[in-house]
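**Student:** What shape does this take:
(2 chains)
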Amino acid sequence: MRRTLGFATLAAFVAGCMGTTGGEVVHFDAALAGPANVVDHALAFTTGRGLAVRLTKATLVVGAVYMNRAKPIPVSQEKTCILTGSYVGEVLGSASVDLLSGRPTRFPAGGAGTNEAAVTGELWLSTNDINATDDTTTIAEVAGEVTLESGTVPFEGKVSLGANRLPAQTDPARPGAYAPCKARIVTPIPIAVTLEDAGFLTVRVDPRAWFTTVLFDDLTRDGGVFTFDDGNTNASSIGLAEGVRAAQGVYAFEWAPRRP
Amino acid sequence: MRCAFLLPLLMLRSAFAADPSPEGALPAGAHAVADDDSDPHDEHQNPSAEVPKKADDVVVRGRTAPPSRGASDFQLKVGELAKVPRANAAHLLELAPGLFLTNEGGEGHPEQIYLRGFDARLGQELELTAGGVPVNQAGNLHGNGYADLHFIVPELVEALRVVEGPYDPRQGNFAVAGSANYELGLERRGLTAKVTKGSFGTERLMLSWGPEGYGRHTFAGGELVRSDGFGSNRASQRGAINAQVEGVLPGTGTWRLLGTSYATHFSSAGLLRADDVAAGRVDFFGTYDPRQGGDASRHSVSFDVEERVADTTYRLQLFGVANTLRLLENFTGFLHDPQEAAQSLHGERGDLIDLSVQSRTVGLRASSRLRFKFFDLPQEIELGAYARGDNTDGQQVRREARTNAPYRIDTDLNAALSNIALYIDSSLKAERWFTVRGGVRAEYYGYDILDRCAVQSVRQPSRTNPPGDSNCLTQQDQGRWRENFQRSSTAASVVLPRASLLLGPFDDFTFSASWGRGARSIDPVYVNDGLATPFAELVSSEIGASWQVATEAHAIALRMIAFRTHIDHDLLFDEVAGRNTLSQGTTRMGWVGSARYTTDELDLSTSATLVRATFDDTDLLVPYAPDAVVRFDGTYHRDLLDDFHGSALHGNLAMGSGYVGRRALPYGQRSDVIFTVDGSAALGWQGLDLTLSVQNLFDARYRQSEYVFPSSFFPSEGTTLVPARHFAAGAPRTVLLSIGMTVGGAS
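**Tutor:** Here you go, the predicted structure:
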């Protein structure tokens, strides 16, 4: 009883002015940017398949960025696009970035979240309803030239993530096994970010990794230019779209505790 | 039938208990004598202990009030404080220190109750009764213990007994933060009609009648209320009737037959995101989803008898209650409709919860209290029993925003619940100033749960017979057949000792110390076969002191209490389920101070409560519960003119004010402060009453409830997934004018 009295008397003084439920709500700014080493608005590199590529155009549209304190497990990843209750950061308001300009493009609305450690990043590559069955918005656009045995050939391509990316329905018992949203969400991007108030998030996009599995030789040639089909029609077009959606090696989340 | 003279004889003017108005007039020549067994020095004793006693040719009858448990046992005579404007009878609870009510769900939605650092939500942590009839609904899907007090007609509330903490063996299930009993009665005899009209299209008709020559516990009254409500989507209407007859037994006892009936239909604005309001996407008094609202009904009947034979008082009460409830609420917008592999492709269809509950309750209370003397001091022992059975059907579905069609069954339960309790209570005195009260209560909780939607997903469904979009499935992994239901049952008993030590009075000071264990049955959705402890247990202790002086001119009462309460499984709000769900253990420590000053013309009451509520494992604050609550109620009433056209002209000014400090919210957030002032002015002449009341006098723009959780109401503008501040707007200034007339009786 003495302890009760002591604690309670103390509580009388501190109640209402001390203590916390833990955690903190934070607001920060965010931007999209290409690689740091872009020169003369072009990127020259050798793909994973040993092809020399010179990129002269690479743009990307991002609808939203999210950060999650949990790593999705395969079962839940199969079931749902949104892992509710575990998001610690978000940046809304779409942004379109020229990945070869060397300048970051700020998201218009800034970001919000909590100061818990995020281990998974998500990019929503859609400016419309993430669950829409179809979406013809161009998400990524590339142009450049590739050096093949036959010589250097220019290429161009656009990537949209709509019905053109949905696999054929094969299991009548599982008509929702592949939801359209899954084609538009890049996840899980491994990150290690703890958000702080007034900080700055840079999502750096490396378009070179988009071409990791692209061979070019199966693309249609239109007036001497390789053209990526915006659909699942050939391996190179599929490879480019898969590169845009790759969670590993393409996207990096960089955190600065203060705005630049 | 001979009517009873119900005379509160023992006007022991305890702190919150002074009952200055004996009911009815004693016939000439009659006189009454206080019961020798009562202790006039027991400062905490409840005042309405009306002991049958033969005095000359008059038999005085009444009911025995339970003995006080110390400083946290508040016997609140409503009296003149009824003039303080209040939205409904539930808000009379705020006369008890530390009690604070909000309502985020609309006029027909029960008030959310905060007490002693507990977010008692809709009654889950506070045992509520009216005339002894339980109000908490065991097994209600919206919250086990859900309690809607709107069936009580405010004019028919005579008194409340609020016991903060589980210190009385009579307190049963849900008495975690404490218990409250509404005592119904009507002092004004005759036929009364009152019409109210005011802001937001509010209209109210109240009729009551108390037969002249009968006691105040024989009455009938009802109300019909309708309002467009402030802001968007807050229209409501309700009707309620409370009626009771009290009669006498051949000996010295009385019986009461009480019936209540209530129904409501209401719309609700629900919660809003603070960032959407700041960005102008929705108005402060607006709504996201105009489908929100609900319907509720409650019908009850109770019969009880109390008889004193020699030195023993026997009591038996039987009751039956039928409730219905339908609630439509959308806390999260478009967020919780994941695409299941077995479902046909869909987007977010909307999170509107459509919950319906039908429950039926029967039960009884029985007790016998023996008074005797030992060492020439009054002693008491009471044996009691309590039983109730509840059969509740509850279903919660989700409805599509575009078509309003239900698309998913979240829960479909039938719960048959049994609660049987026995208790022993005693009041033992070793000296006039040394009293030990308490005993032990043993509870049995039985559950028989039928889950009619036991299988909601299958990882590997049948290829030849796919489940499709149904979510009450008749298959398990690999598509093997099973029925879609599952029955679970369990039972457990718990023994709950409780004791209070009262010392005094010494020079008008009385000291008390109390300790008790309590229990709250868990929500039926958590029950599985053989669950060992289907209840949460708590331990509470407190020390208190009171000082009170009563003279013919005035009465002053002061109380201070320090308390500590630990519960092993607390409840926390879950926006997905739309209700409180089980959490880990928590501890609350706090302080309560209260004062009341009463004269013939003044009645002033104020209280303050400070609490620190923390989780046991992290020592972090428990969110949502207010840690500082201050309340003031006061009335000033007098005859303005002794003779105004043949009768006195009576005036009354009343004011009520509440302050709630910045409540702890998740993620280190704090809510806004709530500070509101209500006032009223009234004139009474003969049987006519004219009252102008103003709630939220200064038109404070405030958030009555605040939460932090993820939601997404405008998915076309981006899906918001991180926790955000949500709130329910408090009512703006509300002006009501009432005209009442009474004929055929005397007050």
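
**Student:** I'd like to know how far the nearest residue to B:V708 once chain neighbours are set aside sits from B:P710.
**Tutor:** Of all residues beyond its chain neighbours, the one nearest B:V708 is B:P666 (4.3 Å), with distances taken as CB to CB, 6 or more residues apart in numbering or on different chains. Heads up, the C-betas are built off the backbone N, CA and C, glycines and all. Separation of B:P666 from B:P710 (CB to CB, to the nearest Å): 11 Å.

**Student:** which neighbours do the two share?
**Tutor:** Counting by CB atoms under 8 Å, 6 or more residues apart in numbering or on different chains, the shared contacts of B:P666 and B:P710 are B:P723.

**Student:** before we move on, the earlier item: ok, how many other residues are close to the residue nearest to B:V708?
**Tutor:** B:P666 has 21 neighbours, counted by other CB atoms under 10 Å in any protein chain shown.

**Student:** Now do the contacts for it.
**Tutor:** The contact partners of B:P666, by CB under 8 Å, 6+ apart, come to A:21, A:23, B:623, B:708-709, B:723.

**Student:** how about 6 Å then?
**Tutor:** A:21, B:623, B:708 (CB atoms under 6 Å, 6 or more residues apart in numbering or on different chains).

**Student:** what about A:S237, which SS state?
**Tutor:** Under the three-state scheme (DSSP: H, G, I helix; E, B strand; the rest coil), A:S237 adopts helix.

**Student:** Excluding chain neighbours, give the residue nearest to the residue of the stretch 151-300 of chain B found nearest chain A in space.
**Tutor:** Of the residues in the stretch 151-300 of chain B, the one nearest chain A is B:D275, at a distance of 8.1 Å by CB to the nearest CB. Leaving aside its chain neighbours, B:D275 sits nearest to B:A724 (6.0 Å; criterion: CB to CB, 6+ apart).

**Student:** before we move on, what about A:N164?
**Tutor:** Nearest to A:N164 is A:G231, by CB to CB, 6+ apart, at 4.2 Å.

**Student:** That neighbour: what secondary structure?
**Tutor:** Quick answer, by three-state DSSP: A:G231 is coil.

**Student:** To what extent is it buried, counted in neighbours?
**Tutor:** A:G231 has 15 nearby residues by other CB under 10 Å.

**Student:** about what we covered before: now name the helix or strand holding the residue of the stretch 151-300 of chain B closest to chain A.
**Tutor:** helix B:274-278 (DSSP states H and E).

**Student:** Using the three-state scheme, assign the closest residue to B:G286 other than its chain neighbours.
**Tutor:** In space, and not counting its chain neighbours, B:G286 is closest to B:S232: 4.9 Å by CB to CB, 6+ apart. What three-state DSSP gives for B:S232 is coil.

**Student:** Excluding sequence neighbours, find me the nearest residue to the residue of the stretch 151-260 of chain A found nearest chain B.
**Tutor:** Relative to chain B, the nearest point of the stretch 151-260 of chain A is A:A173 (3.7 Å; CB to the nearest CB). Nearest-residue entry for A:A173: B:P466, 3.7 Å, with adjacent residues in sequence omitted and distances by CB to CB, 6+ apart.

**Student:** cool, A:L60 as well?
**Tutor:** Nearest one to A:L60, counting by CB to CB, 6+ apart, is A:A140 at 5.1 Å.

**Student:** just A:G93 next, same as before
**Tutor:** The nearest residue in space to A:G93 (CB to CB, 6+ apart) is A:A109, at 3.7 Å.

**Student:** Report pLDDT for that neighbour.
**Tutor:** Note on A:A109: pLDDT of 88.

**Student:** Same check on B:L128?
**Tutor:** B:L128 is assigned 97 on the pLDDT scale.

**Student:** Same question for B:C3.
**Tutor:** pLDDT, B:C3: 34.

**Student:** Also the one 3 residues further on?
**Tutor:** On pLDDT, B:L6 comes in at 29.

**Student:** Then B:Q460?
**Tutor:** On pLDDT, B:Q460 comes in at 80.

**Student:** related to what we said a few turns ago, what about the residue of the stretch 151-260 of chain A closest to chain B, which helix or strand?
**Tutor:** Under the criterion DSSP H and E, no helix or strand holds A:A173.

**Student:** What's the local residue count around the closest residue to A:H41 other than its chain neighbours?
**Tutor:** Spatial nearest neighbour of A:H41, excluding adjacent residues (CB to CB, 6+ apart): A:L100 at 4.9 Å. When neighbours are counted by other CB under 10 Å, A:L100 registers 21.

**Student:** same check, this time on B:P715
**Tutor:** Using other CB under 10 Å, B:P715 has 18 neighbouring residues.

**Student:** contacting residues for the nearest residue to it once chain neighbours are set aside?
**Tutor:** Leaving aside its chain neighbours, B:P715 sits nearest to B:F334 (4.8 Å; criterion: CB to CB, 6+ apart). Residues near B:F334 by CB under 6 Å, 6+ apart: B:348, B:350, B:712, B:715.

**Student:** Same check on A:R258?
**Tutor:** With CB under 6 Å, 6+ apart, A:R258 has no contacts at all.

**Student:** how close does it get to A:P108?
**Tutor:** Distance of A:R258 to A:P108, computed by CB to CB: 20 Å.

**Student:** which residue packs closest to B:N140, ignoring adjacent ones?
**Tutor:** B:Y146 (3.8 Å).

**Student:** Give me every residue in the stretch 301-450 of chain B lying close to chain A.
**Tutor:** B:338-341, B:343-345, B:347 (CB under 6 Å from any CB of the partner chain).

**Student:** what's the closest residue to chain A within the stretch 101-250 of chain B in contact with, if anything?
**Tutor:** Residue nearest to chain A within the stretch 101-250 of chain B: B:G117 (8.5 Å; CB to the nearest CB). Residues in contact with B:G117, defined by CB under 6 Å, 6+ apart, are B:588, B:590, B:611, B:613, B:625.
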